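> Based on what follows, work out the 3D shape:
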Amino acid sequence: MRRRWNWNHTKERIIVGQQAEIDKQKKTISGLFAKGKMTSNELAKAKEMIAQFETSIAEMKKQIDQLVQDKQVLTSQNQQLSTDLSSEKQTTSQLSEQNKGLSKKVELGSLLQLKNIAVEAISKKKNGKEVTEKRIKRTESLRVTFETGDNKVLEAGNISLFVRIINPKGETISVADQGSGTLKLADNGENVQYTKKADFDWSQTNKKVVVYWSQNVKDAGIYKVEVYQSGYIIGQGQVELK
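Reported below is the predicted structural model:
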């Protein structure tokens, strides 16, 4: 495209030069005829210059027509390029949206579908056997159990789930030196506290997971449990202690 523009620019300069030469020829011919009488040599020179003058005009007209034609072609090409560019931008935008949609589907498809979620208060006998309790004063810890179910979309390897325990006052139980922290919700980007992280090896088949928590479980009432994966809540349960 740049070469064509440079070529047209050169032609414009040539036309300007030819115009100057034509003006010079016109001036010379006018000077000869202004004398009134010309010798045979001067008349022959005038006729020759008139012929050159007509040739120069014809050549310049031809170049001007070609230049106009070239500019029309360039204008058409520029319009086509502009249309193509606009179309490419629209296509890129559509592909970007489609990619986002596919990524979202893959992300949601990777979420575990927890089942058999149970939240229980337990205490331990001297022999180590766990006993389910109903009263807060006998409770030593909370036990959260669930099964992951199968999922062939979620890649095998180590994964982390986040367990959030909410006490009867509506407060998230959180103890930093016991592994508590914060996670960002996928839906709105809000940061919320979680109680404990559950790390385990994932092999795309159903797995039973057990999480224990013993800190700050001292008030009677309902203890709610939420389980999160990648910022999405994937399971809930609760237990009431008297």
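
> Name the residues of stretch 212-224 that are buried.
Going by neighbour count (16 or more other C-beta atoms under 10 Å), the buried part of stretch 212-224 is Trp213, Gln215, Val217, Tyr223, Lys224. For the C-beta atoms, the positions are set from N, CA and C on the backbone; glycine is no exception.

> tell me the pLDDT at the fourth one?
Among the per-residue scores, Tyr223 holds a pLDDT of 97.

> In the beta-sheet assignment, what are the partners of it?
On the basis of DSSP bridges, Tyr223 is bridged to Val239.

> is it true that it touches Val163?
No. If you go by C-beta atoms under 8 Å, Tyr223 and Val163 don't touch, sitting 11.7 Å apart.

> one step back: okay if I get the buried residues of stretch 212-224 as JSON lines plus distance to Thr172?
Listed next are the buried residues of stretch 212-224 as JSON lines, based on distance: C-beta to C-beta, whole Å:
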{"residue": "Trp213", "distance to Thr172": "12"}
{"residue": "Gln215", "distance to Thr172": "12"}
{"residue": "Val217", "distance to Thr172": "13"}
{"residue": "Tyr223", "distance to Thr172": "11"}
{"residue": "Lys224", "distance to Thr172": "10"}
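
> tell me the two of those that are most distant?
With C-beta to C-beta as the measure, no two of those lie farther apart than Gln215 and Lys224, at 16.4 Å.

> List just the nearest of the buried residues of stretch 212-224 to Tyr194.
Taking C-beta to C-beta as the measure, Tyr194 lies nearest Trp213 of the buried residues of stretch 212-224, at 11.1 Å.

> Quick check: the closest one touching Val144?
Yes. Counting by C-beta under 8 Å, Trp213 does reach Val144; the two are 7.4 Å apart.

> Between these two, which contacts overlap?
Common contacts of Trp213 and Val144 (C-beta atoms under 8 Å, 6 or more residues apart in numbering): Val163, Ile165.

> Could you check how many residues crowd around Glu226?
19 (other C-beta atoms under 10 Å).

> tell me the contacts of Leu183?
Phe162, Asn191, Val192, Tyr194, Tyr228, Gly231.

> Can you tell me the SS state at Lys218?
Of the three states, Lys218 takes coil under DSSP: H, G, I helix; E, B strand; the rest coil.
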